[in-house]
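J.: The following comprises the amino acid sequence and a computationally predicted model.
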Amino acid sequence: MITFIVQARVGSTRLPQKILLPFYEGKSILELLIAKLRLVSNTQILIATSDDSKNDVIEEIALSNNVKCFRGSENDVLQRFIDAAEYVGAEQIIRVCSDNPFLELASIQTLVNRVSDEKCDYMSFWVDGKPSIKTHFGFWTEYVTLKALKKVRVLTEDSLYHEHVTNFIYSHPKDFVVSWINGPDVLKGRDDIRLTTDTIEDFKTAQTVYSRLVGVQIYPTIAQVVSFLDQHGELLQSMKQQIHINSK
């Protein structure tokens with residue numbers, strides 16, 4: 001069984017407690033993500049947060065939604081993921097960022113299906129010449145094995161790679177079996193779309209898009225999101241400003 005490990009903590013530098021703020025109909029992004037991930041068959045969900053007391057509220061949300069919660073290192077996120085996976089006996093992991101409300105359900109299912117048929121250490125989406133995790137889109141998740149994460153722990157002590165869990169793997173393809181799924185053509189050349197929620201401006205823009213789209217389609221596709229944004233230039237302009245300020 002594949003395990004979704006949702007990386008969550010309240011200590012964001014730019015927008016503290018962003019995953020707890022009411023995002024849609026009183027629910028937080030974290031709660032909305034849990035509901036979405038539950039729709040993917042043959043998987044389980046685990047919230048991985050830190051053992052700092054300020055994250056008690058995340059554990060409360062997890063338990064109130066009947067989801068297991070693991071608490072580990074605040075700064076060594078790699079170790080937290082390894083410990084979390086071992087906590088539930090997970091060998092196959094899909095890493096989920098808890099601040100991305102637009103994760104596409106179809107893409108998650110595609111990833112689950114592909115890794116069930118293909119042996120690899122890491123798999124995610126390749127979009128417009130780069131790994132999706134390096135973009136501002138916020139549409140995708142990443143698959144990784146526990147074995148690969150343990151290998152990273154052995155190969156490097158660099159704090160960068162212990163904070164950004166999968167970076168070492170896709171940056172060192174000679175040491176791992178890395179596989180990519182091509183992102184949709186509709187996103188080629190789209191350096192004007194940002195749906196991650198790192199700042200309050202991001203949050204408000206994403207909230208506007210989400211609230212308008214969910215009334216039409218409860219889990220909007222990438223194509224639907226892009227089509228909507230192309231009809232609302234003022235939202236794209238706001239995104240461009242945040243992309244310029246928050247370059248990856």
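T.: Done, it's in.

J.: can you give me the strands for the chain?
T.: All strands of the chain, identified by DSSP state E, fall at 2-7, 43-50, 68-72, 92-97, 122-127, 130-131, 142-145, 178-182.

J.: which phi and psi does the closest residue to residue 224 other than its chain neighbours have?
T.: Nearest non-adjacent residue to residue 224, counting by C-beta to C-beta, 6 or more residues apart in numbering: residue 217, 5.9 Å away. Just so you know, the C-beta spots here come from the backbone N, C-alpha and C atoms, and that holds for glycine as well. The phi and psi values for residue 217, taken as degrees, to the nearest 10, are phi -140, psi 120.

J.: So what's the model's average confidence on stretch 218-233?
T.: Confidence for stretch 218-233, expressed as mean pLDDT, is 96.

J.: Pull out the buried residues from it.
T.: Neighbour-count burial for stretch 218-233, counted by 16 or more other C-beta atoms under 10 Å, picks out 219, 220, 221, 222, 225, 226, 228, 229.

J.: first vs last residue of that stretch, how far apart are they?
T.: 23 Å (C-alpha to C-alpha, to the nearest Å).

J.: Return the distance of it from the chain's centre.
T.: Chain-centre distance of stretch 218-233: 19 Å, with C-alpha atoms, centre = their mean, to the nearest Å.

J.: And the contacts of it?
T.: 36, 39, 102, 104-107, 139, 184, 186-187, 190, 193, 195, 209, 212-214, 216-217, 235-236, 239 (C-beta atoms under 8 Å, 6 or more residues apart in numbering).

J.: Quick check, pLDDT for residue 248.
T.: Note on residue 248: pLDDT of 67.

J.: residues contacting the most centrally placed residue in the chain?
T.: By C-alpha atoms, centre = their mean, the chain has its centre lying nearest to residue 97, at 2.7 Å. Counting by C-beta under 8 Å, 6+ apart, residue 97 makes contact with 7, 138, 141, 196.

J.: what's across from it in the sheet?
T.: Taking DSSP bridges as the rule, residue 97 bridges to residue 7.

J.: buried stuff in stretch 25-41?
T.: Residues of stretch 25-41 classed as buried: 28, 29, 30, 31, 32, 33, 34, 36, 37, 40 (neighbour count, 16+ other C-beta under 10 Å).

J.: Next, give me the two most distant ones among those.
T.: By the measure C-beta to C-beta, those have their two most distant members at 28 and 40, which lie 19.8 Å apart.

J.: So the spatially closest residue to residue 68 that is not a sequence neighbour versus residue 203, what's the distance?
T.: In space, and not counting its chain neighbours, residue 68 is closest to residue 46: 5.1 Å by C-beta to C-beta, 6+ apart. Distance of residue 46 to residue 203, computed by C-beta to C-beta, to the nearest Å: 25 Å.

J.: Which residue ranges of this structure form helices?
T.: 29-37, 56-64, 77-88, 105-117, 146-155, 159-163, 167-171, 200-214, 222-230, 233-245 (DSSP state H).
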